[in-house]
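Generate a structure from the sequence data that follows.
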Amino acid sequence: MRIGIIGSGNVGKTLAQHFVEHDHEVAMSNSRGPESLAPLVEELGPDARAATVEETARFGEIVVEAIPYGEYESLPADALADAIVVSASNYYPERDGDVDVGDNTQTGLVAAHLANSTVVKAFNTMYYETLRDEARPDVPLEDRLVLFLAGDDENAKSIVSNLIEEIGFAPIDVGSLEDGRYLEPGSPLYNEPTSPDRARETLEDIRK
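As a prediction, the model looks like this:
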C-alpha cells in the first residue's frame, strides 16, 4: 500500500518505520521541505521517499496527518480530496493557541476542513515511545496494547484497523467521528496503555 505521512515529528517518524517494516511504500513531508528529510528517508530505506506536502497528499492511498493541531488548516484539501485521511493530531492549547472547537470535536474540525476526504481518527492516543517499542505483531490481539480509532465510514475504518493489526496493536473502534471525543486529551482512554479487555471496560464506563 502507498501511505503518505504529512508531518515528520515523533509520531510521523514512528509510523513510517512501522509501515516500511511491513512492506508499504511511504512518502513523507513536512513544512521544511523534502531536503530536510533526506537523513530520515535514508535511514528508513528504499521504500521511503521525501516529498512536498502536496506530493505526499496525492501519493498515498491513505494519508496520515501528524502535524501540530493548530496547523490543520494548512492541510491541502484539494490534493487530499477522495483520500482516506487518518488524523493523528491532538489539540494542546498551550502549543496550538486558541482554537474554537465549539460544539464540534477536534477531529470534526479537521474533517470539516477536508470536506471531500474520508477522515478517520487514529494513532493519536498513544505516546510515541510506546507506539515505537510495544508493537507485538506476533501475538494474539488480546495480548497486545490497544490503538483506538473513530470515524463515519466503515470501509475506511476497516482499512485503518487492518493497518493497526499489521503493525502489532489491537484496534478498537469507538464509533463515529463524534465519538472521537473519547480519544481527545483528558479522556480516560488517552495515553493510557491498556489491553483490549480493559479498554472495552473503560469505554463502557465513560459512555454511561
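
Where does pLDDT dip in this protein?
Counting by pLDDT under 70, the chain shows no low-confidence range.

Strands of that one, start to end?
With DSSP state E as the criterion, the chain has strands at 2-6, 25-29, 48-50, 62-65, 84-87, 118-122, 146-151, 170-173.

Present the ones you listed as a markdown table; the columns should include distance to residue 56 and mean neighbour count.
Glycine gets a C-beta too; all of them are placed from N, C-alpha and C. As requested, those are exported to a markdown table (distance: least, C-beta to C-beta, whole Å; neighbours: other C-beta atoms under 10 Å):
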| stretch | distance to residue 56 | mean neighbour count |
| --- | --- | --- |
| strand 2-6 | 4 | 25 |
| strand 25-29 | 4 | 25 |
| strand 48-50 | 9 | 20 |
| strand 62-65 | 7 | 27 |
| strand 84-87 | 11 | 27 |
| strand 118-122 | 16 | 26 |
| strand 146-151 | 21 | 26 |
| strand 170-173 | 24 | 20 |
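
Which one, of the ones you listed, ends up nearest to residue 195?
strand 146-151 (6.9 Å; C-beta to C-beta).

partner strands of that closest one, parallel or antiparallel?
Strand 146-151 pairs in its sheet with strand 118-122 (antiparallel), strand 170-173 (parallel), by DSSP bridges.

Tell me how far the longest one lies from the chain's centre.
The chain centroid and the centroid of strand 118-122 are separated by 8 Å under C-alpha atoms, centre = their mean, to the nearest Å.

Please export the C-alpha coordinates of it as PDB.
C-alpha atoms of strand 118-122 as PDB (Å, rounded to 0.1, in the frame of the first residue of the first chain):
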ATOM      1  CA  THR A 118     -12.800  10.400   4.400                       C
ATOM      2  CA  VAL A 119     -11.400  11.200   7.800                       C
ATOM      3  CA  VAL A 120     -10.600   8.600  10.500                       C
ATOM      4  CA  LYS A 121      -9.200   9.500  13.900                       C
ATOM      5  CA  ALA A 122      -6.400   7.100  14.900                       C
END
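
Please shift the residue numbers so they start at 29 in all later answers.
Let's use 29 as the start, then, which means that last one is strand 146-150.

hmm, who's touching that strand?
110-116, 135, 138-139, 175-181, 184-185, 188, 192, 205, 208, 211 (C-beta atoms under 8 Å, 6 or more residues apart in numbering).

quick one: contacts for the residue nearest the centre of the chain?
For the chain, the residue sitting closest to the mean C-alpha position, by C-alpha atoms, centre = their mean, is residue 116 at 3.3 Å. Listed by C-beta under 8 Å, 6+ apart, the contact partners of residue 116 are 35, 39, 40, 43, 92, 93, 94, 150, 151, 152.

So which of those is the closest to residue 218?
Nearest to residue 218 among the contacts of residue 116: residue 152, at 8.2 Å, using C-beta to C-beta.

roughly how far apart are residue 66 and residue 32?
18 Å (C-beta to C-beta, to the nearest Å).
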